[in-house]
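**Student:** need a structure here:
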Amino acid sequence: MTSSSAPSRKALSKIATNRLQKELVEWQMNPPTGFKHKVTDNLQRWVIEVIGAPGTLYANDTYQLQVDFPEHYPMESPQVIFLHPAPLHPHIYSNGHICLDILYDSWSPAMTVSSICISILSMLSSSTEKQRPPDNDRYVKNCKNGRSPKETRWWFHDDKV
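**Tutor:** Numbering: from 1, shown residues only. Sure thing, here's the model as predicted:
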C-alpha cells in the first residue's frame with residue numbers, strides 16, 4: 001500500500017544510505033518493543049507494524065506506519081504517517097498525518113527510527129480518549145492532492161495527550 005502523500009523521491013545520499021543500513025541492522029538485532037519492520041528491498045521507505053501497549057486504550061490494536069526517508073536523512077527528518085486506518089487519537093488525523101514535534105520542528109539527526117517509534121507509542125499510550133483532532137475534517141480536506149505533513153505549519157500546544 002502506498003500513500004498519496006509520498007515525498008518526491010530523490011535517491012538517498014551515501015550518508016543516508018549508510019545510516020539507514022546501520023539502523024536496519026540494529027533494528028533487526030534489537031527491535032523496539034511493540035514494533036515489527038515489514039521487510040522489503042526498499043531502504044527509502046519502511047513500513048512498520050505498531051502494536052498498542054498493554055494497559056492502554058490501544059492495547060493489542062495494530063496499525064502501520066510508513067516512514068519515507070529524504071535524500072539527506074538524518075540531517076532532514078523522515079516523513080512518518082499512519083497508513084489507513086489511522087488510530088483514533090487527538091494528534092493523529094484520519095489521513096494518517098501525525099502532529100508530533102520531533103517529526104518536524106524538534107527533529108534532531110541524533111534521532112533514529114527506533115526513537116521515533118518509541119515516541120509515537122508513548123504518544124498513543126498516554127491518550128485518555130480515542131478521538132480525532134477537533135480540526136480533522138478541515139485539515140484533511142486541505143491536504144487533498146497529496147500534500148505532505150511536512151508542508152504543514154504545525155502548532156504544538158498540547159503535550160498532555
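**Student:** going forward, measure contacts between C-alpha atoms and count neighbours the same way
**Tutor:** Noted.
**Student:** where does pLDDT dip in the protein?
**Tutor:** 1-9, 145-146, 149-161 (pLDDT under 70).
**Student:** need the strands for it, in chain order.
**Tutor:** Using DSSP state E, the strands of the chain run over 35-38, 45-51, 62-68, 79-82.
**Student:** now for the ones you listed, which one comes closest to residue 94?
**Tutor:** Residue 94 lies closest to strand 79-82 among the strands of the chain, at 8.9 Å (Cα to Cα).
**Student:** chain center to the closest one: distance?
**Tutor:** Put simply, strand 79-82 sits 4 Å off its chain's centre (Cα atoms, centre = their mean, to the nearest Å).
**Student:** can you verify my assumption that residue 101 contacts residue 108?
**Tutor:** No. Residue 101 is beyond contact range of residue 108, at 10.7 Å (criterion: Cα atoms under 8 Å).
**Student:** OK, contacts around the most centrally placed residue in the chain?
**Tutor:** With distances taken as Cα atoms, centre = their mean, the residue of the chain nearest its centroid is residue 80 (2.9 Å). By Cα atoms under 8 Å, 6 or more residues apart in numbering, residue 80 lies in contact with 65, 66, 67, 68, 97, 98, 103.
**Student:** do you know how far residue 39 is from residue 49?
**Tutor:** Remark: distance between residue 39 and residue 49 (Cα to Cα, to the nearest Å) = 11 Å.
**Student:** the more surrounded of those two?
**Tutor:** Of the pair residue 39 and residue 49, residue 49 is the one with more neighbours under other Cα atoms under 10 Å, namely 19 against 11.
**Student:** excluding its backbone neighbours, what's nearest that one?
**Tutor:** Nearest residue to residue 49 in three dimensions, chain neighbours excluded: residue 64, at 4.5 Å (Cα to Cα, 6 or more residues apart in numbering).
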